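Engineer: What shape does this take:
(chains A and B)
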Protein chains: 2
Amino acid sequence: MNEPDFIARLRGIATDPAARGLTDDAAVWEGLVLTHDMIVEGVHFLPDDAPQDVAWKLVAVNLSDLAAKGAAPVGVLVGYSLGDSEWDAAFVEGLGKALRHFGIILIGGDTVRAPAGAPRSLGLTAIGRAPTGGAPSRSGVRPGDRLWVTGTIGDAGVGLAMRLGQVDPADACLAAYARPQPQLTFGLAVARHVHAMMDLSDGLLIDAERMAEASGCAIALMLENIPLSQGLLSVRPDVLDTRLAAATAGDDYQLFFAAAPEADAAIRKIAAGLGVAVTVVGHAGVGEGITLTHRARRIALPDRLGFAH
Amino acid sequence: MNEPDFIARLRGIATDPAARGLTDDAAVWEGLVLTHDMIVEGVHFLPDDAPQDVAWKLVAVNLSDLAAKGAAPVGVLVGYSLGDSEWDAAFVEGLGKALRHFGIILIGGDTVRAPAGAPRSLGLTAIGRAPTGGAPSRSGVRPGDRLWVTGTIGDAGVGLAMRLGQVDPADACLAAYARPQPQLTFGLAVARHVHAMMDLSDGLLIDAERMAEASGCAIALMLENIPLSQGLLSVRPDVLDTRLAAATAGDDYQLFFAAAPEADAAIRKIAAGLGVAVTVVGHAGVGEGITLTHRARRIALPDRLGFAH
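Structural biologist: Numbers count the residues shown, from 1 in each chain, chains lettered A, B, ... in the order given. Below you'll find the model as predicted:
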């Protein structure tokens, strides 16, 4: 069974409104926002990634889900699979540093020892407070909305290629892969101005398709507008293939949100105040699915829109 | 690094009171009780266990932690590792039935696909409401308290031996292994009468030792008082070795609690009203660690007090 099939079945038993039909990044329940993400060795991180980076990523990917709901993080529960002592000790050190960095508490969890040779499977549950006015969902996009992203897209994908020795290393992209920065402050500040928001974890195209589907509308993306970093452009030419690769690589942990054109000024002011780059990458219309253009030319959807299990 | 060493390091970063020093079954935060337990194929369940039973166990072991805090369960987030489709479908069916049985909601979670051949690693976060008057901890035992258990002890251990073909099967013990019943109703009702409470997951002796350590007192257990089921006694003789095996096998998911002798009548009344068996198995004193007696004869602690990673 693939992941969408499995989630469709889970949806049949997740009928409470708090679950948001399991289409959202997080659950919203009694003023709290709750999320649980797992990362698995060999799937979400490399066996030779630094354990401190793995700890950071485990925290960051979950806090990114809270950021997408405009939530302020409070605490985490961790599920940990013991391995060799040196790695475990470095992981705890990194976990402590990440939690201090984000100002959140470790409130519990569980430790198991998997059978010898099994890949590490780590889970984290993050709890945050929902923003006043309510947490944005994925399903609120309205025709006429503009679609925005924070930061730059595709850095972590190039960073992974660097880690695998396929591309000469550059610090900015390696950092985007190893130390993703959830957009918590911006998410909290912008929440009341958006119609829908999610974080980009599996790739801009697949995540945009999910938002379009959840909202029952169409999303058109202008590939030439996707913000690419100097680090990425130092190793890749600014051509269509580079932009498609950036839009499907995943692991961005930037925010993707829809807002009415009337909210432009408020959004730009918040972004400027926080030093966060924001870029309009598309707009929503009546219809379904996503369409792509590059410099006003229609581009066929690639076979692979992003990372899917 | 073994589990105690790892938890000791985690404790260094879990300094908030909500974490209860990571010595408790669950975190208690703003009127909520939160717990996260993982179960791993080949460690906590057998590869050929029925997926419906695995789903039940994943829910039950977490709700047992809530029961120990007198909490009323509300909802869960699940972390799931995809495998073959038939197993996955049966798991979802079993998960839905378990959640309906306990009257709780699925509010979110995550699905991953582990590398081929990796054992399944499943996590669940359960959220409940703390009882009025506060959730009992492990650390409140006072010298002079009586130590109680609910139900019977050792059934799941014998059930596992039956599943492994080492003992002729008997329904009651197989059910205790496959379908543990968290003592939620009793836990909620008794919470205000106890000084300390925990659930028995790793074995009565190791869990009693943990409670003694957390409380800074000594616990004396009378092995002859440990309640054994008719199912267990139909395949095992009532001798010391049987009682030591029952007290160290784990997977009981009964409650173990300490209360002043003055609370006896109230505890027995609650138990009788709910049809739950309760038995005094020991008492607390000044000192540290656990001591065992069998028919007034002092018994040395076995090398292995229970299940430890």
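Engineer: Please identify the buried residues of the helix or strand encompassing A:D241?
Structural biologist: Applying DSSP states H and E as the criterion places A:D241 in helix A:240-248. For helix A:240-248, the neighbour count (16 or more other CB atoms under 10 Å in any protein chain shown) marks A:242-248 as buried. Just so you know, the C-beta spots here come from the backbone N, C-alpha and C atoms, and that holds for glycine as well.
Engineer: okay if I get those as a markdown table plus pLDDT and distance to B:A277?
Structural biologist: Output for the buried residues of helix A:240-248, formatted as a markdown table (pLDDT from 0 to 100; distance: CB to CB, whole Å):
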| residue | pLDDT | distance to B:A277 |
| --- | --- | --- |
| A:T242 | 97 | 69 |
| A:R243 | 97 | 68 |
| A:L244 | 97 | 65 |
| A:A245 | 96 | 64 |
| A:A246 | 97 | 63 |
| A:A247 | 98 | 62 |
| A:T248 | 97 | 59 |
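Engineer: any idea where the helices of the stretch 101-250 of chain A begin and end?
Structural biologist: A:155-163, A:171-178, A:184-190, A:204-215, A:230-233, A:240-248 (DSSP state H, counting those that start in this stretch).
Engineer: Need those in TSV (columns: distance to chain B).
Structural biologist: Listed next are the helices of the stretch 101-250 of chain A as TSV, based on distance: least, CB to the nearest CB, whole Å:
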stretch	distance to chain B
helix A:155-163	17
helix A:171-178	18
helix A:184-190	18
helix A:204-215	14
helix A:230-233	27
helix A:240-248	18
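Engineer: Ok, which of these comes nearest B:V112?
Structural biologist: helix A:204-215 (15.8 Å; CB to CB).
Engineer: Give me the phi and psi for A:L228.
Structural biologist: phi -110, psi 140 (degrees, to the nearest 10).
Engineer: pLDDT score for it?
Structural biologist: What the model reports for A:L228 is a pLDDT of 97.
Engineer: Neighbours of it, how many?
Structural biologist: Around A:L228 there are 17 other residues, counting by other CB atoms under 10 Å in any protein chain shown.
Engineer: Double-check it against A:A245; I have them as touching.
Structural biologist: No: counting by CB atoms under 8 Å, A:L228 does not reach A:A245; the two are 10.2 Å apart.
Engineer: list residues touching both of the two?
Structural biologist: A:154, A:236 (CB atoms under 8 Å, 6 or more residues apart in numbering or on different chains).
Engineer: how about stretch A:250-265 against chain B, any contact?
Structural biologist: No: Stretch A:250-265 lies out of reach of chain B by CB under 8 Å from any CB of the partner chain, never closer than 13.6 Å.
Engineer: Can you give me the end-to-end span of that stretch?
Structural biologist: End-to-end distance of stretch A:250-265: 29 Å, with CA to CA, to the nearest Å as the criterion.
Engineer: Output the below-cut-off pLDDT ranges for the stretch 151-300 of chain A.
Structural biologist: Counting by pLDDT under 70, the stretch 151-300 of chain A shows no low-confidence range.
Engineer: follow-up on the earlier one: got the contact list for the helix holding A:D241?
Structural biologist: By CB under 8 Å, 6+ apart, helix A:240-248 touches A:153-154, A:157-158, A:203-206, A:221, A:223-224, A:226, A:228, A:232, A:236, A:294, A:299, A:302, A:304-306.
Engineer: filter those to the buried ones?
Structural biologist: By 16+ other CB under 10 Å, these give A:153-154, A:157-158, A:203-206, A:221, A:223, A:226, A:228, A:232, A:236, A:294, A:299, A:305-306 as buried.
Engineer: where exactly do the strands run in chain A?
Structural biologist: A:27-29, A:32-40, A:72-82, A:105-113, A:121-129, A:146-150, A:196-199, A:218-222, A:255-259, A:278-285, A:289-294, A:297-299 (DSSP state E).
Engineer: how much distance is there from the last one to the middle of the chain?
Structural biologist: Distance, stretch centre to chain centre, for strand A:297-299: 26 Å (CA atoms, centre = their mean, to the nearest Å).
Engineer: Given it, what are its sheet partners and their directions?
Structural biologist: Sheet pairing here is set by DSSP bridges, and for strand A:297-299 it gives strand A:289-294 (antiparallel).
Engineer: Give the buried residues for the partner strand.
Structural biologist: A:290-292, A:294.
Engineer: sorry, back to before: mind putting the buried residues of helix A:240-248 in TSV, distance to B:P182 included?
Structural biologist: Below are the buried residues of helix A:240-248 laid out as TSV (distance: CB to CB, whole Å):
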residue	distance to B:P182
A:T242	54
A:R243	53
A:L244	50
A:A245	49
A:A246	48
A:A247	47
A:T248	44
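Engineer: how about those residues, which pair is most distant?
Structural biologist: A:T242 and A:T248 (11.2 Å).
Engineer: Just give me the neighbour total for the nearest residue to A:D168 once chain neighbours are set aside.
Structural biologist: Spatially, and ignoring its direct neighbours in sequence, A:D168 is nearest to A:V235 (6.4 Å; CB to CB, 6 or more residues apart in numbering or on different chains). Neighbour count for A:V235, taken as other CB under 10 Å: 15.
Engineer: doesn't A:D171 make contact with A:V235?
Structural biologist: No: using CB under 8 Å, A:V235 is not in contact with A:D171, being 11.7 Å away.
Engineer: Got phi/psi on the residue of the stretch 151-300 of chain A found nearest chain B?
Structural biologist: Of all residues in the stretch 151-300 of chain A, A:S201 sits closest to chain B, at 10.5 Å by CB to the nearest CB. A:S201 adopts backbone torsions of phi -110, psi -40, taken as degrees, to the nearest 10.
Engineer: can you pull the contacts of it?
Structural biologist: By CB under 8 Å, 6+ apart, the neighbours of A:S201 are A:61, A:64, A:207, A:250-253, A:307.
Engineer: biggest separation within these, which pair?
Structural biologist: Maximum pairwise distance among the contacts of A:S201 (CB to CB): 14.4 Å, between A:S64 and A:F307.
Engineer: Compare those two and say which is more crowded by neighbours.
Structural biologist: The neighbour comparison of A:S64 against A:F307 (other CB under 10 Å) goes to A:S64, with 28 against 17.
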